[in-house]
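*Asks:* with the sequence up front, the predicted model follows.
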Amino acid sequence: MTRIPVKTKNRKAKKEAVLRAVTYEIDRVVFPYGQDLVNEAVDNTDRNAVAWRFEDAGNRILVKCMVSIDQRLSRKNEYYADGCIAFDTNVDHLAVAETDRHGNLIYHKVIPFDLTGKTSEQREQILSLALEKVYKRARERYKPVAMENLKDIKNESMYGNKEVNRKLSEFAYTQITRLAESKSYKYGIGLCRVTPAFTSQIGKIKYMRHYGISIHTAAALAIGRRAMGFKERPPKDIRHLIPQANKDRHHWSQWRFLARYLKDQSPYKFYRKIPYSEFECITDMNKYMKEEFCNGQDRNCFLKKLTVILDQMAARKQGNATTI
């Protein structure tokens, strides 16, 4: 039973409108689930707040009841020593990587989504469904979740393309952080937000070619290893290109030096084996990579070879399936 005030445009008659409110009584309102919680809240002598909401859905009226309950949650799994589920946030997908107790990659997946032209409610629902898949994997594997602290990157201009920048403006960094924290609280799964500094450069140089994965999945692997407490030092083959002043400092100083000179190099170039030992300084390496990939023909040739290899692998799998 509720009082519904008569609407009026006259502000002076607002008090009179409330006094002339009409009272309706709706019988036999039963909720398909949570009815016991509603009854307990209504009959509670502590006078806890109970909110009712009526929505006009065309040919029917939706009745919603909102109550406050004491929820006992299971203890959070925040043990990262046995590995974790990490994801890298992008404008059109989540790159997911799972690590073992040694920090090695044992599983990876891409969860695509499209936020273009969507309302804030639609974006929230899409991001929630994408994160649900991440936490489902975490529950199955009994591992906590790791992500990057999006507050540190949301104001940076990461892309030069206007179309991508428009998508970035629509992308809800605050929403995905809030949703991840909510699901962590809901499922009792630990959530670690690490600093995203140099994760893309670390993934590009160390893990992208080694595992044959994309730069975003490699960045997710770097995020997971950072949450586990691993220190990411540059590979031995490339350390002689770093000045001694940077070597004497924190290992992030070494990555800062490499990122300064290699951030403009396209990720696809690092799928090839680069002869680091032949370079005396980082300038020689930059010059080599620019000359090696100076025109589009070399890149097209590389992409054609990659396509042929993938076609051969697909045909081989199809042949094995036919034989079985």
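*Replies:* Here it is on my side, so go on.
*Asks:* show me where pLDDT drops low in the stretch 201-324 of the chain?
*Replies:* Where the stretch 201-324 of the chain drops to pLDDT under 70, the residues are 292-302, 317, 319-324.
*Asks:* tell me where the stretch 151-300 of the chain has helices.
*Replies:* Assigned by DSSP state H, counting those that start in this stretch, the helices in the stretch 151-300 of the chain fall at 162-170, 173-187, 199-202, 208-211, 215-228, 236-239, 244-247, 251-262, 282-292, 296-323.
*Asks:* what lies in contact with stretch 231-249?
*Replies:* With contacts defined as C-beta atoms under 8 Å, 6 or more residues apart in numbering, stretch 231-249 is touched by 198, 202, 205-206, 222, 225-226, 251, 253-258, 276-277, 279, 281-282, 285. Bear in mind the C-beta positions are built from the backbone N, C-alpha and C, glycine included.
*Asks:* could you single out the most deeply buried of the helices of the stretch 151-300 of the chain?
*Replies:* helix 215-228 (a mean of 27; mean count of other C-beta atoms under 10 Å).
*Asks:* residue 63 bridge partners, please.
*Replies:* Residues in a beta bridge with residue 63, per DSSP bridges, are residue 54.
*Asks:* what about it, neighbour count?
*Replies:* Residue 63: 14 surrounding residues under other C-beta atoms under 10 Å.
*Asks:* and if you look at residue 193?
*Replies:* Quick note: residue 193 (other C-beta under 10 Å) scores 18 neighbours.
*Asks:* that one contacts residue 145, doesn't it?
*Replies:* No: using C-beta atoms under 8 Å, residue 193 is not in contact with residue 145, being 9.8 Å away.
*Asks:* and the residue positioned nearest the centre of the chain, what pLDDT?
*Replies:* Centroid-nearest residue in the chain: residue 89, 3.7 Å away (criterion: C-alpha atoms, centre = their mean). On the pLDDT scale, residue 89 is placed at 90.
*Asks:* just put the helices of the stretch 151-300 of the chain in JSON lines and tack on distance to residue 270.
*Replies:* Listed next are the helices of the stretch 151-300 of the chain as JSON lines, based on distance: least, C-beta to C-beta, whole Å:
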{"stretch": "helix 162-170", "distance to residue 270": "21"}
{"stretch": "helix 173-187", "distance to residue 270": "27"}
{"stretch": "helix 199-202", "distance to residue 270": "10"}
{"stretch": "helix 208-211", "distance to residue 270": "6"}
{"stretch": "helix 215-228", "distance to residue 270": "8"}
{"stretch": "helix 236-239", "distance to residue 270": "11"}
{"stretch": "helix 244-247", "distance to residue 270": "21"}
{"stretch": "helix 251-262", "distance to residue 270": "9"}
{"stretch": "helix 282-292", "distance to residue 270": "9"}
{"stretch": "helix 296-323", "distance to residue 270": "12"}
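*Asks:* residue 83 is nearest to which of those helices?
*Replies:* Distance to residue 83, taken as C-beta to C-beta, is lowest for helix 215-228 among the helices of the stretch 151-300 of the chain, at 7.3 Å.
*Asks:* fine, thanks again, bye for now.
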